[in-house]
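1. Can you look at this prediction? I've put the sequence above it.
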Amino acid sequence: MLLAERLRARWVLALGVAGTLIASATLVAAGPAHAVEVYPRPSGGTVAISGHGYGHGHGMSQWGAYGAAAVGNLSWQSILAFYYPGTTLTNLGNPTIRVRLDAVGSGPLYVFNAVGLQLAGKALPGPAVGVTQYRVRSLSIAGRLQVDALSAAGWKPYSSTVSPAVFGSSSGQVDVSLAGGTRRAYRGSIYANWATSTSLTPVSVLPMESYLRAVVPAEMPASWSANALRAQAVAARSYAGYDRAHAPAGRTWDTCDTTSCQMYSGVLAEYGNSNAAVAATAGQTLIYGGTPAFTQFGAANGGWTAAGSQPYLPAKADPYDGAIPNSANTWTASITAADIQAQWPSIGTYSQLRILSRDGNGQWGGRVLTAAFDGSRGSVTVTGATIGSVFGLPSQWFIPTNSGPSGDPFGQIDSTSTVPGAVTAHGWAIDPST
């Protein structure tokens, strides 16, 4: 039996209304979903999951920006206005940004020697005298650092200095060793900041526009449409500007080089197309209330943005996310009963998942806010974000698809309307047999 026919047979009886019931498998209403959804443990012990979006869903969808540019023919200004309503564009110039280099790690900083390498603005002995690397170590005296030089004779002390030890170069680039041992070049200067007697905080210090040359292609493929790349450049510039404006006094860095802030991968990450996008939007920053806006962005929102912490980060339908088909907009996954029991052994043998609340935006009632895992010995209540994190789901917008009672369709009616001889219901539904 087709989905609509099975739903018609079941829901006409449930509503007690004679006539034709037209059922929709997608959510039309966007109000909060209050009904508790119960999904019993499947007979095979594996919960099949369908979901939307990749990431938190706040602000700009990168796949949405691509769709808006390539399919919707929107300018980069229009893309930004759609995703960050209420913000305005202004030119804030080219300030310096300080980026904590988590990729380098907190151990000794290793700097590869090259002609023109400098320490605190003074030329260092170059490769011609046999020095291949310099190393910076923390000393037990707070704020003191030791700089060593490596040659054929091994590591030898070069100088002791007060934090920070600042490496620059006449070439405008400094090569350092990452935590995994590979070599990477960064524009600007590298600061080694004393953190503890055994650790450092390495920081890349450079002009904002130079920083963005490495950020934009690390966050969005450089082959994408020019207006998508330009929107990304402005969003990244604004995000970094927000971090910079909110860095606590006394901290040695403004932002970091991971997805906790923005990806920043040095000179090798740069591409011509993304460099052009940075240049075309030079200095352009989104502001709100006179300061850089908190321009969050993520890979995909699945068709609805999620409300963020700022008034310019509303929940809204996004017609551009999914305009170019991609696996971040819609995805499938699975969670085993064994995984659930291992994560929360106090519940005993897993019996069912209850989704307690959703944000009310989009298919199935939107992103999961809270849920409960029930078992033979008890229950645990968690957030949708926790479920996504624990089980590696791309987002917290999901629904089990093989846990309906007796294999029948299940779902939720959000609204109904009547005309003579017919009732129309709007909501969502899952049919396990299809």
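-> That came in fine, so what should we check first?
2. which residues of the stretch 301-434 of the chain fall in helices?
-> 337-343, 384-391 (DSSP state H, counting those that start in this stretch).
3. so how far is the longest one off the chain centroid?
-> When C-alpha coordinates are averaged (CA atoms, centre = their mean, to the nearest Å), helix 384-391 and its chain have centres 14 Å apart.
4. outside of that helix, which residues touch it?
-> 333, 335, 339, 343, 358, 367-371, 393-398 (CB atoms under 8 Å, 6 or more residues apart in numbering). C-beta here means a position set from N, CA and C on the backbone, and glycine is covered the same way.
5. Just the closest of those residues to residue 422, please.
-> residue 358 (28.7 Å; CB to CB).
6. what's the pLDDT at the closest residue to that closest one other than its chain neighbours?
-> Once flanking residues are discounted, residue 358 sits nearest to residue 365: 4.0 Å by CB to CB, 6 or more residues apart in numbering. We have a pLDDT of 95 for residue 365.
7. can you check residue 389 too?
-> For residue 389, pLDDT reads 95.
8. same check, this time on the one 5 residues further on
-> Residue-level confidence at residue 394 comes out at 97, pLDDT.
9. That one and residue 55 touch, don't they?
-> Yes: counting by CB atoms under 8 Å, residue 394 touches residue 55, with 7.3 Å between them.
10. Residue 101 contacts residue 200, doesn't it?
-> No: using CB under 8 Å, residue 101 is not in contact with residue 200; the gap is 10.0 Å.
11. Sketch out the low-pLDDT regions of the chain for me.
-> Scanning the chain for pLDDT under 70 picks out the ranges 1-34, 404-412, 414, 428-434.
12. how about 50 then?
-> 1-31, 33, 405-406 (pLDDT under 50).
13. Pull out the buried residues from the longest helix along it.
-> When the chain is scanned for its longest helix (criterion: DSSP state H), the result is helix 226-245. Neighbour counts over helix 226-245 (16 or more other CB atoms under 10 Å) mark 227-244 as buried.
14. Over to stretch 135-150?
-> 135-138, 145-150.
15. Span of that stretch from start to end?
-> 8 Å (CA to CA, to the nearest Å).
16. need the helices for the stretch 151-300 of the chain, in chain order.
-> For the stretch 151-300 of the chain, applying DSSP H, counting those that start in this stretch gives helices covering 208-219, 226-245, 272-280.
17. how much does the first one deviate in direction from helix 272-280?
-> Taking axes from the mean of the first three to the mean of the last three CA atoms, to 10 degrees, one finds helix 208-219 and helix 272-280 inclined to each other by 140 degrees.
18. Please state the offset of helix 208-219 from the chain centre?
-> 16 Å.
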